[in-house]
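# Next come a sequence and a model predicted from it.
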Amino acid sequence: MNWDKDYNKQCDELHSRDYYCNPDTSASGKKEALVSITTRISNGEVDLNTSIKSLADYLTVTDERIRAAAYEIMDVTLNNIKNKQEVVVQTLCSLLRFFGDRLHDYECVNEILTCIKTLMSTWKNSFENDLVSSILHQLLNDVSIPALTQPLRLSCYVIFDLIATHYPSMCKLLFANGFIQSIDGERDPKNLLYIFQLIPKLCSVCSDSIPSVAEELFEALSCYFPITYTPAADDPRNITSQDLSLALTTAMTSHPSFSTYCFPFLMEKLSTVVLETKKESIKALTQCIQTFGEDHTRPFLTEIWAYIRTEIIRTSNMDYVHLILDSITLIVNAVCSTNDPNINFKNIHVGLIRPAVTELESTTHSKFGALYSRMIYSAAVASPSICKMICDHMIPHILQINDHHQHSHHHHHHDGQPCNHDQSHSPSSSTMIMITQLAQASIETSSSFSHFDSIVEKMNQSSNESEAIELISRLSILNPDSKSCLDWLNRSIRNDQKRETTLNALQWMSKHSESLVIRFIDEHFDLDTIDESDLIVNVAILSRMGVQCGSNICRVIVMKLMPISNRSKFVMDGIHVMVSHCESMSVDRTMMNSMLDQIMSNANHRVAFQIVLILHSKCDLELQNECIKRCTSSYERHPHLLCALLISCRQQISFCDLQIGEHLITSSIRHGDSKSLYAIASVLNKLYHREQYYHQLLQCVAKHFVVSVDQYASAHHVDALSVVLRYLYMRGEYSVGDQLGRVLIGLLDHQHAQIKRAASNGFAIVMNQSKYDHHVIRQVLYKQRFFTVHANQLNHHRSNSCHLVAFANMIYQVNQSVISSEMSKLFPMVLRSLSVVEGDDVSVVDLVGAGLRAVKVLLSGDDTRNLIVDYLGSLIPHLLRWCRYESDANVRLTSVICLNQLVTFQYYKLHPFRQSVLDVLGEVIGDKKRLVRREAVKCRNDWFVLSE
């Protein structure tokens with residue numbers, strides 16, 4: 001019975017093998033057979049020797065399809081064999097030798113290479129060197145690798161990689177047997193990336209063999225430089241041009257013997273006119289110097305510096321200039337890394353320092369002085385020791401050159417000879433820039449700076465004030481104890497011609513030493529003892545400093561100005577300018593209380609409200625509640641101060657004075673006080689909804705806005721209703737909000753036209769943003785809900801022009817997906833707003849303007865534009881009518897814009913109206929307003945070229 005079972009298994013195996021190797025078997029049948037074979041091998045039913053013997057006959061047939069299928073089964077066996085570690089090494093060696101001998105079978109070389117790769121990757125260290133050498137020789141001599149397909153070539157490179165990893169002693173045979181020729185002409189990105197990553201490994205494991213083939217190998221690599229590659233959008237390999245470029249440069253610098261060929265090659269590439277090639281070359285050159293080091297770079301260094309100087313002087317591309325300057329820093333850091341200061345100095349003296357000094361000595365060709373200064377700066381920031389070395393050598397020469405130029409200038413001046421040098425390119429200007437750049441480098445590297453006093457003395461003799469100010473600001477950072485630098489800046493900032501430059505210098509100083517700028521403010525701005533005219537000048541300067549020098553400096557200046565804010569209105573104006581611009585300025589208890597003290601003594605100042613509004617919004621909730629509590633007791637004397645605090649407070653405020661709350665409501669209703677109105681609206685929006693005071697306020701709102709509609713005697717009352725409605729709706733208080741919304745709709749039928757117009761504009765107030773929205777609670781979909789609830793109610797009064805204005809004021813503020821679902825009901829209302837005639841309750845401009853804005857928005861949206869096509873017959877005549885409306889240019893302009901938006905519709909939809917539109921636009925292009933004429937010309941051109 002057991003014999004029968006084994007026999008059946010052998011029959012099944014034989015059947016599956018024959019079925020898979022049969023060329024006439026379908027693809028699905030082959031797949032099933034291969035699954036069956038794999039399962040038996042994985043389960044241990046078939047061992048390696050049995051599989052080899054069973055496939056012997058298949059591997060010798062003349063049909064290459066059968067042989068290929070047999071090799072595939074062999075590869076499956078090698079991958080899935082059970083207990084791989086127990087396989088006899090002799091069997092593996094025999095199998096590898098067999099595959100090597102069969103490499104001449106070109107029709108099946110793909111499958112053979114796959115088997116070799118599987119053997120060497122699965123049993124990594126199981127083969128003798130002689131056998132590996134034989135396989136390597138056969139692979140390089142019996143197979144024409146460049147003629148293979150891309151996957152086959154990649155398989156060869158993988159085998160080379162396995163040999164380099166596990167049999168490093170064999171790597172020298174790679175180069176002796178034609179490895180370089182095997183990679184010649186490779187163009188596939190995946191294969192190239194693999195080759196570029198393989199070569200550094202080969203150079204590492206057989207370093208002694210590389211010099212003999214360095215020139216040939218480098219030539220094979222350099223033909224790809226600079227490499228460019230644009231992957232397809234659906235390329236699954238995720239290989240980028242940057243990956244290839246980096247791998248190529250790494251391969252080109254992977255052995256010191258490449259330096260002899262790499263440096264001349266890259267310098268030659270710098271001579272090209274192609275900018276991208278130049279950029280890649282300078283990047284590669286920098287990487288070469290960093291990789292090869294100072295010893296291998298030194299023979300080429302003088303020529304390299306000459307090429308770099310030439311490139312930075314000739315180019316006009318600033319990106320390339322910045323790339324070169326960054327490269328100089330990296331190169332200097334690499335070539336000055338020795339322990340010998342003399343060698344370090346020599347490596348940059350001939351190529352950088354001496355040419356820069358020679359340029360500064362020139363009296364006729366100093367226009368490159370600024371570029372040389374940037375190059376010296378880039379070299380100096382490499383390290384503190386390099387910076388000190390450059391400064392110690394160059395500054396004495398620069399001062400000597402400056403003295404020589406100053407003497408030469410005075411000599412020509414006394415001889416009556418004119419000086420034609422451009423100041424920006426003058427020799428003295430170049431020396432000034434050079435010293436400034438060296439000072440900047442010293443600051444950034446925290447290195448010492450010599451000849452400080454001599455330089456300051458030269459600044460007093462300088463004719464170029466802006467460059468002198470820039471340098472003095474750098475020197476003040478280097479020597480913060482120097483009083484002369486701050487005195488110098490003080491004199492400059494009080495000069496109208498020098499003030500802007502000095503402020504820019506102080507702005508730079510504040511980034512490196514805020515304490516120094518604060519000391520400058522304390523020592524040179526004594527505001528207590530000066531008269532009002534000087535006070536105005538000082539405040540103007542300080543406010544500019546506060547705006548430019550950052551939030552911390554701004555805070556210091558604000559605190560300095562607060563005690564004297566009652567002396568002049570210009571002080572409060574200066575504070576307002578600073579707090580408006582410094583959004584990140586922190587506000588603490590001391591600052592806020594000091595500001596409240598000063599404003600309470602000068603509460604009628606016109607900007608006090610805005611200052612408190614801005615500062616209070618920056619405080620935390622605890623400090624805000626303290627300020628509100630303090631100002632509640634003084635509300636009668638300073639009502640607007642409390643209003644500012646309530647508007648700018650955070651959510652969940654603590655405020656429970658019902659009398660003040662009701663007074664704020666009545667003040668906004670009777671007197672139209674917007675500050676009081678937004679203060680009470682802010683409280684209603686932010687107050688904790690479970691507090692008793694909140695519900696008392698809601699009752700007060702109902703008493704003033706809901707109970708008696710007849711009490712609305714002015715537009716102020718309607719505006720107050722609209723603002724309160726908006727803030728309640730924003731926080732999600734829909735029950736009270738819907739009541740107020742019904743009141744607002746009812747006011748559209750009020751007997752007084754003024755009230756009706758205010759009610760229609762109230763819908764715009766509800767939907768628009770406000771400058772007083774500080775820390776408000778805002779539900780995401782409050783606009784959509786307000787529109788959905790009230791749009792249908794407005795639709796019942798379609799003949800009332802005020803209702804049409806109210807509807808138009810809402811529709812362009814709502815998400816289009818909400819409108820598109822109700823387009824058949826809503827768009828006819830928009831059309832009715834465009835059919836208005838003179839004599840209605842609201843002006844034509846208000847009604848038509850709102851309708852046109854709605855049309856413009858609907859035509860701009862993808863969801864709603866396509867739904868308007870059914871209304872073109874009604875819409876276009878209205879637009880043609882209003883683009884000739886003489887009383888208002890905005891109406892004409894918006895109509896023309898809407899007409900131009902229609903050209904995106906299909907041609908057959910617009911063709912019936914094309915001629916009438918062109919005729920009317922022919923009149924509009926002569927409009928008296930330039931904006932209307934310009935838009936009309938554009939619109940007429942677009943309609944004129946309409947085609948199918």
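In hand now; what should we look at?

# could you measure Y167 against S133, distance?
From Y167 across to S133, the span is 9 Å (Cβ to Cβ, to the nearest Å). All C-beta atoms are positioned from the backbone trio N, CA, C, and that covers glycine.

# So which of these two has more stuff around it?
Y167 (22 against 16; other Cβ atoms under 10 Å).

# Can you tell me, leaving aside adjacent residues, what's nearest to the more buried one?
Distances taken as Cβ to Cβ, 6 or more residues apart in numbering place V132 nearest to Y167, at 5.0 Å, with adjacent residues excluded.

# before we move on, what about V836?
Leaving aside its sequence neighbours, V836 sits nearest to L847 (Cβ to Cβ, 6+ apart; 4.9 Å).

# dump the residue contacts of the one you found.
Residues near L847 by Cβ atoms under 8 Å, 6 or more residues apart in numbering: S801, L804, V805, A808, S833, V836, D840.

# how about it, phi and psi?
Reported as degrees, to the nearest 10, the phi and psi values for L847 are phi -70, psi -50.

# Can you read off the pLDDT for it?
pLDDT recorded at L847 is 80.

# what do you get for T864?
For T864, the predicted pLDDT is 80.

# can you check E948 too?
For E948, the model assigns a pLDDT of 55.

# now do S654
Reported pLDDT for S654: 78.

# And S594, by the same measure?
pLDDT, S594: 84.

# go on, the one 3 residues further on?
Among the per-residue scores, D597 shows a pLDDT of 82.

# ok, how many other residues are close to it?
Using other Cβ under 10 Å: D597 sits among 13 other residues.

# On the secondary structure side, give me the element for it.
Secondary-structure element containing D597, defined by DSSP states H and E: helix 589-600.

# Tell me which other helices or strands the following helix or strand past that helix touches.
Going down the chain from helix 589-600, the next helix or strand is helix 608-617, by DSSP H and E. Contacts defined by 3 or more Cβ pairs under 8 Å, 6 or more residues apart in numbering; DSSP states H and E place helix 608-617 against helix 569-581, helix 589-600, helix 639-648.

# Check these for me: which has the lowest mean pLDDT.
helix 589-600 (a mean of 84).

# tell me which residues of that helix are tucked away?
M591, M592, M595, L596, Q598, I599 (16 or more other Cβ atoms under 10 Å).

# Now do it: which elements does it pack against?
Using 3+ Cβ pairs under 8 Å, 6+ apart: helix 589-600 touches helix 551-561, helix 608-617, helix 621-632, helix 639-648.

# hmm, try it at 7 Å
Contact here means 3 or more Cβ pairs under 7 Å, 6 or more residues apart in numbering; DSSP states H and E; on that basis helix 589-600 packs against helix 608-617, helix 621-632.

# Other residues contacting that helix?
For helix 589-600, contacts defined as Cβ atoms under 7 Å, 6 or more residues apart in numbering pick out 559, 562, 565-566, 608, 611-612, 615, 619, 623, 627, 630-631, 634, 638, 641.

# Look up how far N866 lies from the residue nearest to V836.
Distance from L847 to N866, by Cβ to Cβ: 26 Å.

# swap in S916?
23 Å.

# Then D620?
For D620, the distance to N866 - Cβ to Cβ - is 50 Å.

# Then F345?
The gap separating F345 from N866 is 74 Å, by Cβ to Cβ.

# higher neighbour count, these two?
Between F345 and N866, counting by other Cβ under 10 Å, F345 is the more crowded of the two (17 against 13).

# can you tell me which residues contact that one?
M389.

# Regarding it, which helix or strand does it belong to?
Going by DSSP H and E, F345 is in helix 341-348.
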